[in-house]
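# fold the following, please.
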Amino acid sequence: MLIETFTGGPFLQNGYIATCQMSGECVIVDPGAATQQMLKHLNEEDRVVSAVILTHGHFDHIEGLGQVREHTQAPVWLHPLDQELFDNFPVQAAQFGVQGEALSSPDEEFLGKGEEISFGQSLLKVYHTPGHSPGHVILVNREAKVALVGDLVFRGSVGRTDLPGGDSKVLFSSIKEHILTLPDDFKMFSGHGPATTVGHERENNPFFTGSYMGNSPR
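Numbers count the residues shown, from 1 in each chain. All right, here's what the predicted structure looks like:
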């Protein structure tokens, strides 16, 4: 599986294209401010988009969805607990000084828990990881040892929980259950910032140690 990163906007949001290298089929994950670059790349590479997956409904991760819909008929997947955030896209954007028009709703392709989204000979397994938002999910391929983790975890940090629907206790529970149980050599692609590994974060992320995870401080 090939993971390609496209970064844009004032928040330096990362959108991703995950491609099955055997077939050329791919999925778009979190089409944000760099969506135009993503679409140009897809056209140049003649890729087939099987699905658009939203790790959560915050505006910076979905602001390019309208452009994607203009260029592909692929279904859009979103966890139902983030539908309200999605529906309030213009309000979300305005709170950060960005103008945005309402988006058409996902195509009744709601993520729950445990789906496997296939494209070509590759797949991404969905895990519900609330805390940053109620319907946040991560996408994992154990064979390739990669995880697209949205805004759950960053290199050296974790997702904020001060936005509507955020909950720090739930966030750390999601990290403990779905990130810290992965092998150290898993590569993680976050919604902002550089890629990292589970092992690097386990040893160096200050939020992975001490009282944040319910442990005694070192």
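
# quick check: bridge partners of the residue most central in space within the chain?
Taking Cα atoms, centre = their mean, the centroid of the chain lies closest to residue 150, which sits 3.1 Å from it. Applying DSSP bridges to residue 150 gives these bridge partners: residue 190.

# residues contacting it?
30, 55-56, 61, 129, 132, 136-138, 159, 190-191 (Cβ atoms under 8 Å, 6 or more residues apart in numbering). Heads up, the C-betas are built off the backbone N, CA and C, glycines and all.

# roughly how far apart are it and residue 63?
According to Cβ to Cβ, to the nearest Å, residue 150 and residue 63 sit 15 Å apart.

# what sits against residue 49?
Residue 49 touches 25-28, 42, 68, 72, 74, counting by Cβ under 8 Å, 6+ apart.

# let's see that with 7 Å instead.
Each residue near residue 49 by Cβ atoms under 7 Å, 6 or more residues apart in numbering is listed here: 26-28, 42, 72, 74.

# between the residues you listed, which sits nearest residue 106?
residue 74 (11.2 Å; Cβ to Cβ).

# before we move on, the earlier item: in ChimeraX, how would I select just the buried ones from the contacts of residue 49?
Of those, the buried ones go into a single ChimeraX selection, burial set by 16 or more other Cβ atoms under 10 Å:
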select :26,27,28,42,72,74
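
# ok, which stretches of the chain are strands?
Using DSSP state E, the strands of the chain run over residues 2-8, 13-19, 25-29, 48-53, 76-78, 109-110, 116-119, 122-128, 137-141, 146-150, 153-154, 157-158, 187-190, 196-197.

# lowest average confidence across those, which one?
If the strands of the chain are sorted by mean pLDDT, strand 109-110 sits at the bottom with a mean of 68.

# where in this structure is pLDDT low?
108-109, 113, 210-212, 214-218 (pLDDT under 70).

# still on that earlier bit, from the contacts of residue 150, which is closest to residue 99?
residue 61 (16.9 Å).

# show me the contacts for the nearest residue to that closest one once chain neighbours are set aside.
Once flanking residues are discounted, residue 61 sits nearest to residue 30: 4.2 Å by Cβ to Cβ, 6 or more residues apart in numbering. Residue 30 sits next to 15-16, 54-55, 61, 150, 191 when contact means Cβ under 7 Å, 6+ apart.

# backbone torsions only: list them for residue 195.
phi -70, psi 160 (degrees, to the nearest 10).

# how much space between it and residue 100?
Distance, residue 195 to residue 100, by Cβ to Cβ: 28 Å.

# off-centre distance for stretch 90-97?
Chain-centre distance of stretch 90-97: 20 Å, with Cα atoms, centre = their mean, to the nearest Å.

# let me fix that: stretch 150-169
Its chain's C-alpha centre and that of stretch 150-169 lie 12 Å apart, by Cα atoms, centre = their mean.
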